[in-house]
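Participant: Could you look at this predicted model? Sequence included:
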Amino acid sequence: MEWFSPLFCCFALLALLSPPYHAAHALESDSALARELLESASDSEFSGWLKTVRRRIHEYPELSFEERRTSQLIRSELDSLGIEYVWPVAETGVVATIGSGAQPWFALRADMDALPMQELVEWEHKSKIDGKMHSCGHDAHVTMLLGAAKLLQKNRDKLKGTVKLIFQPGEEGHAGAYYMIKEGALDGVQAIFGLHVDPMIPTGTVSSRVGPLLAGAGRFTVVIQGKGGHAASPHKTRDPIPVLSMAILALQHIVSRETDPLEPRVISIGYVQGGEALNVIPETVTFGGTFRFVSAESYAYLKQRIKEVIETQAAVHHCTAMVDFMEESLRPYPPTINHPTMYEHAKRVGENLLGKQGVRNDPMIMGAEDFSFYAEKVPAAFFMIGAKNKTMTSAKGLHSPHFVIDEGVLSVGASLHAAVAMSYLEDHAK
């Protein structure tokens with residue numbers, strides 16, 4: 001029996017070096033599923049429906065927590081697909097469910113609100129509401145999630161669990177995600193995935209990174225109280241304008257002189273208001289801004305130092321200052337952090353759908369997103385999805401009145417949403 005030992009070792013080595021059959025089969029199955037979903041979403045009838053939905057939303061943009069028309073459109077489309085939903089959630093939000101109702105539960109999210117901005121793009125479906133525009137792509141986000149709903153409903157017999165579709169109000173500064181969670185949108189959910197259009201990268205690509213992707217954001221307003229008077233007699237006043245000037249300069253030292261250069265932090269002043277006449281020293285001046293951070297410790301430190309610096313500068317000049325961080329009315333956003341396992345899952349699905357070259361690794365940026373509230377509660381992955389084609393030679397960034405997208409992104413986003421959800425349920429089914 002001496003011949004058995006080396007032969008056995010040979011087979012054992014081959015077994016170790018070869019991928020398990022079920023793992024290889026699962027990868028092939030994921031790839032086939034992704035391709036099938038993309039083909040379905042790219043069908044002329046399906047993609048035409050997506051464009052129609054997106055343009056209807058784009059024509060009637062609504063601001064945070066005012067998304068009644070958009071919410072009605074979503075519910076009408078869900079009704080036509082035979083999908084159950086709960087409404088209202090956080091005033092105008094909608095939460096739909098597809099599947100067996102059993103675990104695992106996986107969530108997909110889209111935001112609905114527009115921005116207070118006049119659209120300057122001249123096209124057939126330009127905003128019909130003066131001073132309001134979908135310049136951050138939320139009309140596309142809603143459309144992609146409705147597209148995913150259609151794909152998932154068509155494949156509901158293949159779902160190995162339940163998918164929640166979260167249509168969320170108030171992302172633009174109003175922490176809609178926080179209120180959706182508070183009203184139960186994440187109840188029972190084990191993980192979540194979200195997309196955001198990016199007009200600066202090509203359609204057919206996605207980008208993200210593991211760990212911190214976006215910064216946290218806080219805001220503050222300041223009222224400096226002095227004593228007004230004639231500009232020719234400043235000694236009879238308590239001029240608040242030098243306080244404002246010195247405070248703004250001193251705030252910049254918090255980042256440049258007190259912060260580890262390797263730790264991302266930002267303090268920016270966005271507005272200044274004070275006085276109306278050239279020869280009058282005003283009684284009060286106001287200013288405000290935003291600060292960005294990547295940890296709870298940074299948030300607490302910046303908040304403390306912003307308050308100390310402003311109040312100290314006011315005291316030096318015999319004035320007073322009131323600093324308001326508006327934590328109840330404009331809740332601060334935590335950093336958006338991609339969970340390693342969820343990021344790898346979404347990345348793998350993206351590569352199956354778009355090829356390895358279609359998934360990019362992004363550096364962290366100091367923008368903020370309220371998807372971060374979901375990521376604090378459950379494993380999450382947030383990806384940017386390309387919405388630029390070769391004909392868009394003058395593409396503008398997010399929040400621009402000239403913002404446009406390649407509507408080809410709608411089919412890609414719908415199929416990616418559906419593929420991420422279906423493969424997650426397949427991987428985690430008991």
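Facilitator: Received the coordinates, thanks. Numbering: from 1, shown residues only.

Participant: sec struct for residue 48, please.
Facilitator: Judged by DSSP: H, G, I helix; E, B strand; the rest coil, the three-state class of residue 48 is helix.

Participant: Residue 181 versus that one, what's the distance?
Facilitator: Residue 48 sits 35 Å away from residue 181, taking CB to CB, to the nearest Å as the criterion. To be clear about C-beta, it is placed using only N, CA and C from the backbone, and glycine gets the same treatment.

Participant: Quick one: low-confidence residue ranges for the stretch 201-350 of the chain.
Facilitator: The model of the stretch 201-350 of the chain has no residue with pLDDT under 70.

Participant: Show me the strands in it, by range?
Facilitator: Secondary structure of the stretch 201-350 of the chain (DSSP state E, counting those that start in this stretch): strands at 206-208, 211-214, 216-225, 229-230, 266-274, 280-281, 284-293, 320-324, 336-338.

Participant: which one of residue 48 and residue 181 has more residues nearby?
Facilitator: When residue 48 and residue 181 are compared on other CB atoms under 10 Å, the one with more neighbours turns out to be residue 181, at 21 against 10.

Participant: so how far is the strand or helix carrying that one off the chain centroid?
Facilitator: Per DSSP states H and E, residue 181 falls inside helix 176-182. In terms of CA atoms, centre = their mean, to the nearest Å, the centre of helix 176-182 is set 13 Å apart from its chain centre.

Participant: Send over that helix as CSV, restricted to the C-alpha atoms.
Facilitator: Provided in CSV are the C-alpha atoms of helix 176-182 (Å, rounded to 0.1, in the frame of the first residue of the first chain):
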residue,chain,number,x,y,z
GLY,A,176,-34.4,62.5,6.1
ALA,A,177,-32.7,59.2,6.6
TYR,A,178,-32.6,59.8,10.4
TYR,A,179,-36.4,60.2,10.5
MET,A,180,-37.0,57.2,8.2
ILE,A,181,-35.0,55.1,10.7
LYS,A,182,-36.9,56.6,13.6
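
Participant: For the spatially most central residue of the chain, give its distance to residue 190.
Facilitator: In the chain, the C-alpha closest to the average C-alpha coordinate belongs to residue 369, at a distance of 4.0 Å (CA atoms, centre = their mean). As judged by CB to CB, residue 369 and residue 190 stand 21 Å apart.

Participant: now do residue 77
Facilitator: Distance, residue 77 to residue 190, using CB to CB: 26 Å.

Participant: now do residue 258
Facilitator: Applying CB to CB, the value for residue 258 to residue 190 is 40 Å.

Participant: between these two, who's got more neighbours?
Facilitator: Between residue 258 and residue 190, counted using other CB under 10 Å, the more crowded position is residue 190 (17 against 11).
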